[in-house]
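> fold the following, please.
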Amino acid sequence: MPVIGTSALVVELPAAAGLLEVAAAVNPGLVRPGLPPHVTALYPFLPDELLDEDVDAAVAELATRHEVTDVPLTDLVVTGGFVAVSAPALQPLADAACDRWPDVRPYGGRFGPHPPAHVSLALGGSEAENAEVAERGRTLLPLIGRAEALHLIVLTERGWQLRLTAPLAPPAR
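Prediction:
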């Protein structure tokens, strides 16, 4: 579990809310409290004591290099206590975040330097719980979300708090 002061770069996908509801219906403990449906661009990000105006500006600049986009959610992934839906449309943004801060190892390095972009549905479930979440989740797919901003969030004693919303670039015409 993350500790107070942990930060993350995420892209909210409200269209995926039903998927998290499915997971919570199986077991509320499978869903991270206080976080809307999202794709993580970089987690953990920098400790909160390193967050400043320069970091905010760098996050905002990164966001402007990526366009608002539709995010098809079609493929469910179940592996080792984890259920997710792949979000390959956001892989370029996630990769750019990892490349911009190369000393920050996403997920502590467990999944390599560029983990697959995804929406986490359930974390830490039993095999039976994960199977149930996957079965119910598949009935809601495919979905299309809309990525509009990169958010910098920080875990505080009051839960995850928004520090910065950096809009993505308007789509090219």
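
> could you pull out the strands for the protein?
7-12, 38-42, 69-73, 76-79, 82-86, 118-123, 143-147, 149-156, 159-167 (DSSP state E).

> in the longest one, what counts as buried?
I take that to be strand 159-167. Neighbour counts over strand 159-167 (16 or more other CB atoms under 10 Å) mark 160, 163-164, 166 as buried. Placement of C-beta: from N, CA and C, glycine included.

> next, the angle from it to strand 7-12.
60 degrees (axes from the mean of the first three to the mean of the last three CA atoms, to 10 degrees).

> okay, now the sheet partners of the lowest-mean-pLDDT helix or strand in the chain, with direction.
Here the helix or strand of the chain ranked lowest by mean pLDDT, DSSP states H and E is strand 76-79, holding a mean of 95. Its sheet considered, strand 76-79 pairs with strand 82-86 (antiparallel) by DSSP bridges.

> what's in contact with the partner strand?
Residues from elsewhere that reach strand 82-86, judged by CB atoms under 8 Å, 6 or more residues apart in numbering: 16, 19, 23, 30, 73-77, 116-123, 125, 130, 133-134, 137, 141, 143.

> may I see the PyMOL selection of the buried members of the residues you listed?
Command for PyMOL that selects the buried part of those, burial taken from 16+ other CB under 10 Å:
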select buried, resi 16+19+23+30+73+76+117+118+119+120+121+122+123+125+130+133+134+137+143
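
> neighbours of Arg32, how many?
Other residues within reach of Arg32, judged by other CB atoms under 10 Å, total 17.

> Provide a list of residues in contact with it.
120, 123.

> gap between it and Ser120?
7 Å (CB to CB, to the nearest Å).

> Leu50: which of the strands of the chain is closest?
Proximity to Leu50 (CB to CB) singles out strand 7-12 among the strands of the chain, at 8.6 Å.

> quick one on the thing from earlier: switch the strands of the chain over to CSV; also include distance to Leu50.
As requested, the strands of the chain are exported to CSV (distance: least, CB to CB, whole Å):
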stretch, distance to Leu50
strand 7-12, 9
strand 38-42, 13
strand 69-73, 29
strand 76-79, 32
strand 82-86, 28
strand 118-123, 25
strand 143-147, 26
strand 149-156, 11
strand 159-167, 12
